[in-house]
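Novice: Next come a sequence and a model predicted from it.
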Amino acid sequence: MRAMINKWIVRILLLTGPVTWSQQVLDLDAFLGYVKAYHPYLKQADIKLSESQVKLLKSRGAFDPKFGFDQKTKTFKGTSYYDKQNASISIPTYFGLAIQAGVQQAEGDFLNPENQLSGDRLYGVGASLQLGRGLLANPRQTALKQAKLFTQQAREKNALQVNAILIDAAAAYLDWFKAYRIFTLYDQFVTNAAFRFEGVKKRMLAGDLAVIDTVEARIAFNQRLLSQENARLDLRRKALKASDYLWVDGQAVVIQDSVEPFVAQQQFEEKLIVPSDTFDQHPQLQLLSYKRQQLLLEKRLQRNNLLPEVQFHYQWLSETDPSSSWAIAVDPDNQTTGLKISLPLFLRKERANLKLATLAVEDVDWKTAQIRVQLQNGIQALWEQKIQLARQWAIAQNMVADYQLLFEGEKRKFEAGESSLFLVNTRESKLIEALLKSITLEVAWQKAKLRYYYAVNFPSLMTT
């Protein structure tokens, strides 16, 4: 119920025009929650996962029982040459065995002797068995095993796609958050510059300052105002960019100017705790592992194809319905048997296919080794980037504190008549530069932490 209420609150906030409401805030956690729940790219990723399930169902269809009916009749000049009917059912199994049953009827003046029946019907129950090629590995069995692995591959691909979208969405949100921080910063300094400008004018009218000081104060005010307008434009641009990832119930949502981004620092760090010993379970490595298993199945099939094709067929025959007594046995007086043996003399095609399958496995092994090293180096680089940006941000915060002291000291000296407005504005400009650098490094650190988190952690795999 609480999630439903929050959903409607956010929807009202985002879809309405600018309003003044203290709770009109969209934090990062809620933003990513909406991305995971409603973004079309993630819906498309889920479709790919569903497609793999459908393909698995399709491969299982190779083991579906098949019913067949065949009827042939010939009548010429009023004479019934023949009327033959044959109904059968075949049940394939996982290995090279197919169970078969059928019933046939035949009558006519010119029946082929092998089709003549002493009774009304002829029943048959039997099986065909692959004794060489196809017994332990066959295309039907291999396709089913590969389809099962394909569903696992789709799950890993889905996790990669989900994380890629979440990284892009989080980066867009943090860019919006950075633009908002910069805009509010300039808004504060515009207020300060306006207050200082009015103060200088009053002191000039009182004869305490020269007229040129008011020009200096007005230039500083207009500079801050111009910077604020640029920041306002950038804020709107970044808000629209973040809106690309925000959907609710299939509808795109545009973030209005009244909505404020918010990142709770403690909550941000607590949610991005990375579990240990997850590298070997990385989806890219799992994808290659599943691919290798598929290729090993193909190699096993190709090795099995080196065997001769030996197909044995047996069918027990009876003029009475076998289902009435189930007295089915090997009866040399009432049966059909068959044996088919074939083998290419040089096996060049089979040997070539086996070699190709072997080379494909070796290729995946080398690719896995390469991807493993790339992932290790990439993750290590993200870790070091995260650590270095945290250090740089700490240094920038110290610089902000120092510049703040210099600025406050210069203002007090100016108020005491021991400094100039030019130096005050210069100190303020340096303070603004330090604050902008601090904000930039803070957001860069947050992005790096998110990229590292989503490089080694895949939440969608934990929920499936």
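Specialist: Okay, I see it.

Novice: ok, residue 25 - how many residues close by?
Specialist: Neighbours of residue 25 under the rule other C-beta atoms under 10 Å: 13. C-beta here means a position set from N, CA and C on the backbone, and glycine is covered the same way.

Novice: For beta bridges, what are the partners of it?
Specialist: Note on residue 25: beta-bridge partners by DSSP bridges are residue 260.

Novice: Now the closest residue to residue 318 other than its chain neighbours. Its backbone dihedrals?
Specialist: Leaving out its chain neighbours, the residue that sits closest to residue 318 by C-beta to C-beta, 6 or more residues apart in numbering is residue 123, at 4.9 Å. Main-chain torsions, residue 123, degrees, to the nearest 10: phi -100, psi 150.

Novice: Double-check residue 123 against residue 317; I have them as touching.
Specialist: Yes. Using C-beta atoms under 8 Å, residue 123 is in contact with residue 317, at 7.1 Å.

Novice: More neighbours: which of these two?
Specialist: The residue with more neighbours, out of residue 123 and residue 317, is residue 123; 20 against 16, by other C-beta under 10 Å.

Novice: Show the pLDDT at the more buried one.
Specialist: With respect to pLDDT, residue 123 scores 86.

Novice: Provide a list of residues in contact with it.
Specialist: Residue 123 makes contact with 101-103, 317-322, according to C-beta atoms under 8 Å, 6 or more residues apart in numbering.

Novice: Pull out the buried members of those residues.
Specialist: 101-103, 317-318, 322 (16 or more other C-beta atoms under 10 Å).

Novice: The stretch 101-250 of the chain: strands as residue ranges?
Specialist: Here the stretch 101-250 of the chain has its strands, by DSSP state E, counting those that start in this stretch, at 122-130, 247-248.

Novice: Could you tell me which strands the shortest one is paired with, and in which direction each runs?
Specialist: This points to strand 247-248. Applying DSSP bridges, strand 247-248 is found paired with strand 251-252 (antiparallel).

Novice: Show the average pLDDT along the partner strand.
Specialist: On average, strand 251-252 scores 83.

Novice: can you give me how far that strand is from the chain middle?
Specialist: 21 Å (C-alpha atoms, centre = their mean, to the nearest Å).

Novice: before we move on, back to that, nearest to residue 181 among the contacts of residue 123?
Specialist: In terms of C-beta to C-beta, no member of those lies closer to residue 181 than residue 101, at 77.0 Å.

Novice: any idea how far the closest one lies from residue 120?
Specialist: From residue 101 across to residue 120, the span is 18 Å (C-beta to C-beta, to the nearest Å).

Novice: which stretches of the stretch 301-450 of the chain have low pLDDT?
Specialist: Applying pLDDT under 70 to the stretch 301-450 of the chain flags residues 323-332.

Novice: Please, where are all the helices along it?
Specialist: For the stretch 301-450 of the chain, the helices defined by DSSP state H, counting those that start in this stretch occupy 348-415, 421-456.

Novice: could I get the strands of the stretch 101-250 of the chain as a markdown table with distance to residue 59?
Specialist: As requested, the strands of the stretch 101-250 of the chain are arranged in a markdown table below (distance: least, C-beta to C-beta, whole Å):
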| stretch | distance to residue 59 |
| --- | --- |
| strand 122-130 | 19 |
| strand 247-248 | 34 |
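
Novice: what about those, which gets the closest to residue 311?
Specialist: Of all the strands of the stretch 101-250 of the chain, it is strand 122-130 that lies closest to residue 311, at 5.8 Å by C-beta to C-beta.

Novice: What is the nearest of the buried ones among the contacts of residue 123 to residue 424?
Specialist: Taking C-beta to C-beta as the measure, residue 424 lies nearest residue 101 of the buried ones among the contacts of residue 123, at 100.7 Å.

Novice: List the beta-bridge partners for the closest one.
Specialist: Judged by DSSP bridges, the bridge partners of residue 101 are residue 89, residue 125.

Novice: mind listing what it touches?
Specialist: Counting by C-beta under 8 Å, 6+ apart, residue 101 touches 88-89, 123-126.

Novice: Which among those residues count as buried?
Specialist: Neighbour-count burial (16+ other C-beta under 10 Å) applied to the contacts of residue 101 gives 123-126.

Novice: if we can go back for a sec, single out the most deeply packed of the helices of the stretch 301-450 of the chain.
Specialist: helix 421-456 (a mean of 20; mean count of other C-beta atoms under 10 Å).

Novice: which helices and strands does it pack with?
Specialist: Other helices and strands packing on helix 421-456, by 3 or more C-beta pairs under 8 Å, 6 or more residues apart in numbering; DSSP states H and E, are helix 139-205, helix 211-243, helix 265-271, helix 348-415.
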